[in-house]
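S.K.: model this:
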Amino acid sequence: MDKALTALFLSVCMSNADPIKVRLTTYHRGEDSYTRRLKSASGYTLKEGISVAADPRVFGYGNWIYIDGIGARQVHDTGSAVISRKASGGKFPVIDVFFHSRKDAEAFANSHKYALVY
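M.R.: Predicted structure coming up:
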């Protein structure tokens, strides 16, 4: 997204709902047969910088969300650990951010634990 569109998106998101605290985790291409083929549970093609996995009951497939400090992402995928909120001990929704490389996923995971989502 360009800067003007991101600013508009953020202003709409922030005016419509209270932020939700989430636990951020990562996944990467090659973790399983689906990510190797860049396929998501919803049928979308996974794209770094855009795709995230979330509980579709909280953030529906195809919805755009704004992750504070990261930017706009689209919900393309889900997983059992995301739905069960495993990484947050059941306390917060989990957003799993997609990366092409394991190295980039691990670097992000080491520097981002929790965030607000609009």
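
S.K.: show me what contacts residue 36?
M.R.: 29, 30 (C-beta atoms under 8 Å, 6 or more residues apart in numbering). (C-beta placed from N, C-alpha, C; glycine too.)

S.K.: look up phi and psi at it.
M.R.: The phi/psi pair for residue 36 (degrees, to the nearest 10) reads phi -60, psi -40.

S.K.: can you check residue 80 too?
M.R.: When read as degrees, to the nearest 10, the backbone of residue 80 gives phi -60, psi -40.

S.K.: what's the burial count for it?
M.R.: For residue 80, the neighbour count with other C-beta atoms under 10 Å is 7.

S.K.: tell me how far it lies from residue 64.
M.R.: Computed with C-beta to C-beta, to the nearest Å, the distance linking residue 80 and residue 64 is 24 Å.

S.K.: helix or strand for the residue nearest to the spatial centre of the chain, which one?
M.R.: Most central in the chain under C-alpha atoms, centre = their mean is residue 52, positioned 3.0 Å from the mean C-alpha point. Element membership for residue 52, per DSSP states H and E: strand 51-53.
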